[in-house]
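Asker: structural data only, the sequence is not supplied:
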């Protein structure tokens, strides 16, 4: 439509110019025709401009992209036309699973006893027990902990050499005693696993495990470090 009106404007404008150019005498005798052609050209020019400005554009439904997030305060994010982002708070997704996360972080030694310092980064854990640590021919037994929230300790109860002999029971309960004795026989012995079993409030079992190894710092001081940590649901039955 706009192109048609613009063409008519050009046609009338060209006609007015041609009248004056080709036959000035005739145009002078018919003075009304040139203003009329010029006015028509101007009118169609204005109409073409208006038609071009207010032309109808096809309506395209904006593409809507919805991203769902989860959590108590997580927003629902909706993007329109890849430019405007609308954030709607208050819509909740499924609640994340609540469970305990128990992790051994340090093997500690005091005058009274030795213990594994543990932290629980989740819900309260129940009935924590640690499998005996096997270091060569030595066995370290640790206490059972009824429940744990936050930080706690699992104390070493006794250190025994197998086969059990009262003369081979360490009253100091020192891991270093078993470690040194085992290294004398095999310096490359397999580093023992620390396996901590525990349950959540629904009595679902979990297993937190890692290996323990001796570490010497730059000053020559010896300590024990944990590595290869994992925490998974415990599939053991019974």
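Answerer: Perfect, I can see it now. Quick caveat: nothing in here was measured; it's all calculated off a predicted structure.

Asker: please make it C-alpha for all contacts and neighbour counts, starting now.
Answerer: OK.

Asker: so which strand or helix has residue 176?
Answerer: helix 175-185 (DSSP states H and E).

Asker: repeat for residue 107
Answerer: Assessed by DSSP H and E, residue 107 sits inside strand 102-109.

Asker: which elements pack onto the helix or strand following that strand?
Answerer: With elements assigned by DSSP H and E, the helix or strand that comes after strand 102-109 is strand 114-130. Counting contacts by 3 or more CA pairs under 8 Å, 6 or more residues apart in numbering; DSSP states H and E, strand 114-130 packs against strand 102-109, strand 138-142, strand 145-161, strand 193-199.

Asker: try 7 Å this time
Answerer: Counting contacts by 3 or more CA pairs under 7 Å, 6 or more residues apart in numbering; DSSP states H and E, strand 114-130 packs against strand 102-109, strand 145-161, strand 193-199.

Asker: looking at the ones you listed, which is buried most?
Answerer: strand 193-199 (a mean of 22; mean count of other CA atoms under 10 Å).

Asker: parallel or antiparallel, list what pairs with that one.
Answerer: When pairs are called by DSSP bridges, strand 193-199 turns out to pair with strand 114-130 (antiparallel), strand 205-216 (antiparallel).

Asker: so residue 234 touches residue 206, yeah?
Answerer: Yes - in this structure, residue 234 is within contact of residue 206 by CA atoms under 7 Å, at 4.3 Å.

Asker: neighbour count: those two, which is higher?
Answerer: Taking other CA atoms under 10 Å, residue 234 and residue 206 do not tie; residue 206 has more neighbours (23 against 14).

Asker: which of the strands paired with strand 193-199 has the lowest mean pLDDT?
Answerer: In terms of average pLDDT, strand 205-216 trails the rest of the strands paired with strand 193-199, at a mean of 92.

Asker: got the angle between that strand and helix 175-185?
Answerer: Put simply, strand 205-216 runs at 70 degrees to helix 175-185, going by axes from the mean of the first three to the mean of the last three CA atoms, to 10 degrees.

Asker: so where's this protein shaky on pLDDT?
Answerer: Applying pLDDT under 70 to the chain flags the ranges 1-97, 164-173, 235-238.
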